[in-house]
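Visitor: Give me a 3D structure for the following:
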Amino acid sequence: MPILEINKNQFLYIMPTISTTYKGDLRCESTHIKSGNVLLTDAPTDNNGKGEAFSPTDTLAAALGTCMVTIMGIKARDLSVSIDGTAIDVTKIMEQNPRRVGEVVIEINVANSTLDDKQKQLLESAALNCPVAKSVHPNLIQTVRFNYP
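Guide: Residues are numbered from 1 along each chain as shown. Modelled structure (predicted):
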């Protein structure tokens with residue numbers, strides 16, 4: 001277990017969040033330590049892989065989209081409104097030289113037809129300021145569209 005010294009004679013024990021094993025043939029298995037849930041990744045077909053699971057860059061795109069809608073859910077709960085059934089579509093656009101995710105397009109289809117303009121603004125602001133959106137490199141283009149019924 002890693003130990004981080006905070007200051008003289010004070011220590012913080014830090015537990016890993018995720019444990020990953022390279023399984024061979026460009027596949028990894030990551031286990032979420034607290035829940036035991038498992039995520040498999042494969043290299044994509046356009047980068048020597050089989051594409052039989054999420055690619056590592058797919059997980060980045062999924063993390064951004066799910067973070068946005070999760071933070072919207074927290075804000076919706078604070079506002080005493082429901083966004084249950086809200087669906088997101090995420091499109092990852094790769095660049096070459098260097099190979100990286102250049103843009104993530106996120107369509108958020110909000111499942112509540114009774115939201116007023118203020119509630120919509122608060123939900124949108126929450127999504128755009130989610131932790132993942134604020135953690136990725138600033139060169140990553142984040143195109144986000146909010147659609148309401």
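Visitor: ok, longest helix in the protein?
Guide: Among all segments of the chain classified by DSSP state H, the helix with the greatest residue count is helix 56-78.
Visitor: Would you mind pulling the contact partners of the helix or strand containing Ala133?
Guide: Counting by DSSP states H and E, the element that carries Ala133 is helix 131-135. Outside helix 131-135, the residues that touch it by CB atoms under 8 Å, 6 or more residues apart in numbering are 63-64, 67-68, 71, 127, 142. Where C-beta positions appear, they are placed from N, C-alpha and C, glycine not excepted.
Visitor: how about it: buried residues?
Guide: Residues of helix 131-135 classed as buried by neighbour count (16 or more other CB atoms under 10 Å): 132-133.
Visitor: domains in this structure, as residue ranges please.
Guide: For the chain, automatic domain parsing gives the domain ranges 11-54, 55-147.
Visitor: got these as a markdown table, with mean pLDDT columns?
Guide: Formatted as a markdown table, the domains of the chain follow (pLDDT from 0 to 100):
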| stretch | mean pLDDT |
| --- | --- |
| domain 11-54 | 92 |
| domain 55-147 | 97 |
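Visitor: right, so those domains: which one is the most enclosed?
Guide: Ranked by average neighbour count under the criterion mean count of other CB atoms under 10 Å, those are headed by domain 55-147 at a mean of 15.
Visitor: thought Leu60 was touching His137?
Guide: No. Because the distance of 10.4 Å does not satisfy CB atoms under 8 Å, Leu60 is recorded as not touching His137.
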